[in-house]
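Trainee: with the input below, show me the fold.
(one chain, ligands or ions: 1)
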Amino acid sequence: MSNRLLCKAVSKSYFNGKHETKVLNNLNLSVDSSELLAIVGSSGCGKSTFLHIAGVLDSPSSGEVIINGVNVHTLTDKERATFRNKHIGFIYQFHHLMMEFSAVENVAMPLLIRGISPKQAKKSAEDILAQVNLSHRLHHRPSELSGGERQRVAIARALVTNPSIVLADEPTGNLDFDTAEQIYKLIRELNEKLETSFVIVTHDLVLASKMDRQLTLAHGQLKEMEIAQ
Ligand code: ADP
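Mentor: Numbering: from 1, shown residues only. Now for the predicted structure:
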């Protein structure tokens with residue numbers, strides 16, 4: 001197995017004048033290929049801060065983030081954007097779909113940004129939407145979809161670029177139990193089929209318990225978590 005994501009002694013503080021808020025404190029993590037990892041923590045413990053740093057959207061105050069062997073600190077801002085588009089997929093709690101665009105247009109967007117032709121981008125978007133069982137909803141806008149369908153579109157959008165790692169922030173956070181279960185099954189299926197690693201930040205202990213590994217984030221560090229299976 002190879003490392004998809006490696007965090008070495010990552011620390012992050014926010015400064016408000018002279019006041020320092022230390023959020024991450026010498027955090028270490030290694031995520032292997034094809035791994036499904038859950039990170040659980042209370043509100044305000046630094047989960048979003050961690051996801052932003054692991055997703056190359058923000059930089060740590062100190063420490064290193066290495067994704068697929070690349071130390072991301074060596075990249076310029078422009079290179080980081082290209083790197084994100086190539087290697088990382090994001091799934092947010094509130095899907096963040098573009099409301100004026102259809103499902104297929106939303107999913108095609110990361111490929112268009114990459115410079116792929118509209119025809120090819122649409123074909124790839126349709127293919128991945130078929131994998132999340134939404135072939136019958138290609139031209140629906142987010143407002144015309146159910147919560148679970150919107151989240152499946154968001155998952156398709158995260159996966160359409162075939163990233164090696166997907167970072168998900170409460171992917172089942174606003175869904176009912178049955179829909180959350182469907183989303184979990186889909187994540188597991190896609191993980192097995194496409195060998196995508198998932199790092200899922202969640203409050204949902206039921207979802208977390210189904211992942212390959214569970215960690216808790218507390219006091220700025222990640223620790224192994226015991227969950228009854
Ligand atoms: P979580 O996602 O676990 O709820 P966050 O990562 O959003 O937590 O925030 C962790 C802590 O860092 C919180 O106490 C929050 O108030 C603080 N924080 C987050 N962003 C900033 C910022 N830009 N400036 C100052 N403090 C911040």
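Trainee: geometric centre of this structure: which residue is closest?
Mentor: Centroid-nearest residue in the chain: Leu167, 1.7 Å away (criterion: CA atoms, centre = their mean).
Trainee: tell me which helix or strand in the chain has the weakest average pLDDT.
Mentor: helix 177-194 (a mean of 85; mean pLDDT, DSSP states H and E).
Trainee: before we move on, back to that, which of the three states applies to the residue nearest to the centre of the chain?
Mentor: strand (DSSP: H, G, I helix; E, B strand; the rest coil).
Trainee: so for it, what's the pLDDT?
Mentor: pLDDT for Leu167: 95.
Trainee: likewise Met1?
Mentor: For Met1, the predicted pLDDT is 50.
Trainee: ditto for Glu226
Mentor: 69.
Trainee: thinking again about what came up before, just checking, the residue nearest to the centre of the chain touches Phe50?
Mentor: No: with contacts counted by CB atoms under 8 Å, Leu167 stays clear of Phe50, the gap being 9.2 Å. The C-beta positions use only the backbone N, C-alpha and C, and glycine is treated the same way.
Trainee: okay, and the common contacts of those two?
Mentor: Val201 (CB atoms under 8 Å, 6 or more residues apart in numbering).
Trainee: picking up where we left off before, the helix or strand just after the least confident helix or strand of the chain pairs with which strands, parallel or anti?
Mentor: Counting by DSSP states H and E, the element after helix 177-194 in chain order, helix or strand, is strand 197-202. Strand pairing for strand 197-202, determined by DSSP bridges: strand 36-40 (parallel), strand 165-169 (parallel).
Trainee: any residue of strand 197-202 up close to the ligand?
Mentor: No: if you take CB under 6 Å from any ligand atom as the test, strand 197-202 misses the ligand, and the best it gets is 7.4 Å.
Trainee: what does that strand rub up against?
Mentor: 4-5, 31-41, 47-48, 50-51, 54, 164-173, 187, 191, 207-208, 211.
Trainee: show the buried residues in those residues.
Mentor: Burial by neighbour count, 16 or more other CB atoms under 10 Å: within the contacts of strand 197-202 this picks out 4-5, 31, 34-41, 47-48, 50-51, 54, 164-173, 187, 191, 207-208, 211.
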